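Enquirer: Structure of the sequence below:
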Amino acid sequence: MSGPEAPRDFAALFSGHAAAYAAFRPRYPVALYDWLSREAPGTALAWDAGTGNGQVAVGLATRFARVVATDPSAEQLAQAEPHPRVRYAQGRYEPPVPDGIVQLITVGQALHWFDLPAFIAGARRVLTPGGLIAAFAYAHSQVSSAVDQVVRHYHDVTVGPYWAPEHHLIHDGYRTLEFPIAELDAPAFEIAEEWTLAQYAGFLRTWSSVQRLIRAEGDGKVTAFEQGLAEAWGAEPRRTVRWPLVMRVGPLA
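Expert: Predicted coordinates:
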């Protein structure tokens, strides 16, 4: 993995607020799962690595007969949504499946935390010939010019010092990662949610940087930001919140 620091224990970054993560993180679009299932060489088995609360795994289960979903955080897995076609397992890069039978590997909002060589080694073991890896993530949300300006200042300045270096790999679209795939051209996907102010504020509190700020300084700066966010949001009971996706996808080279 590129970056100024070695890969950190990403289980520790999200275990402490797993319930909030499950409650407030947005859902990936159905069109993403449709496209991935068409591009994969089959739909018998998918592996969702770094599954967190299982959001991607459950989405995949609408298109794949079986899904194995792994995460190093027991706290995150405890919040995972049960599904009859999803098997959850604690672990990082070695899913409990035989060699050469996985047709799609997904990594949603997590590749930047991975020990990339270890992950690729695990992927090579389990992927079937022609099987795909799809790593996708979302960065800055889009609501309105007023809201976006307040949130961007919060992201860059208020909590800026508390972002782990790996976070910024998302803003590069993962292009600075040495990712050994024969890349496919993917459509442009985006997440869209109709959210209340409380839902949006809850989502922003799930940022790892915000949690680190609160542990270091208390929640005074977060509360002040949320007051400014409310003013920018206005009286609208709900607003459309959008997140364009970045994605790298293809078979291993």
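
Enquirer: Now the element after whichever helix in the chain runs longest, going C-ward?
Expert: Ranked by number of residues, the top helix in the chain under DSSP state H is helix 220-233. Elements were assigned by DSSP states H and E; along the chain past helix 220-233, the next helix or strand is strand 239-251.

Enquirer: thinking again about what came up before, now the longest helix of the chain: buried residues?
Expert: For helix 220-233, burial by neighbour count (16 or more other CB atoms under 10 Å) applies to Val222, Phe225, Glu226, Leu229, Ala232, Trp233. In this view, the C-beta of every residue, glycine as well, is placed from N, C-alpha and C.

Enquirer: now those residues in CSV, with distance to Arg239?
Expert: Below are those laid out as CSV (distance: CB to CB, whole Å):
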residue, distance to Arg239
Val222, 20
Phe225, 17
Glu226, 15
Leu229, 11
Ala232, 10
Trp233, 7
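
Enquirer: Leu169 is in what secondary structure piece?
Expert: helix 168-171.

Enquirer: Now do the longest helix of the chain, average pLDDT.
Expert: For helix 220-233, mean pLDDT rounds to 98.

Enquirer: Spatially, what comes nearest to Ala118 if we skip its sequence neighbours?
Expert: Tyr93 (4.8 Å; CB to CB, 6 or more residues apart in numbering).

Enquirer: now do Ala110
Expert: Here the residue nearest Ala110, using CB to CB, 6+ apart, is Gly50, at 3.1 Å.

Enquirer: My guess is the one you found contacts His112. True?
Expert: No. Taking CB atoms under 8 Å as the definition, Gly50 is not a contact partner of His112, at 9.9 Å.

Enquirer: Name the residues of the very next helix or strand once past the helix holding Leu169 that come out as buried.
Expert: Past helix 168-171, further along toward the C-terminus, the next helix or strand under DSSP H and E is strand 190-195. Across strand 190-195, burial judged by 16+ other CB under 10 Å covers Ile191, Glu193, Trp195.

Enquirer: Over to stretch 130-149?
Expert: Buried, per 16+ other CB under 10 Å, within stretch 130-149: Gly131, Leu132, Ile133, Ala134, Ala135, Phe136, Ala137, Tyr138, Ala139, Ser141, Val143, Val147.

Enquirer: hang on, the first one in a helix?
Expert: No. When the secondary structure is assigned by DSSP: H, G, I helix; E, B strand; the rest coil, Gly131 falls in strand instead of a helix.

Enquirer: Right, I'll call it a day here.
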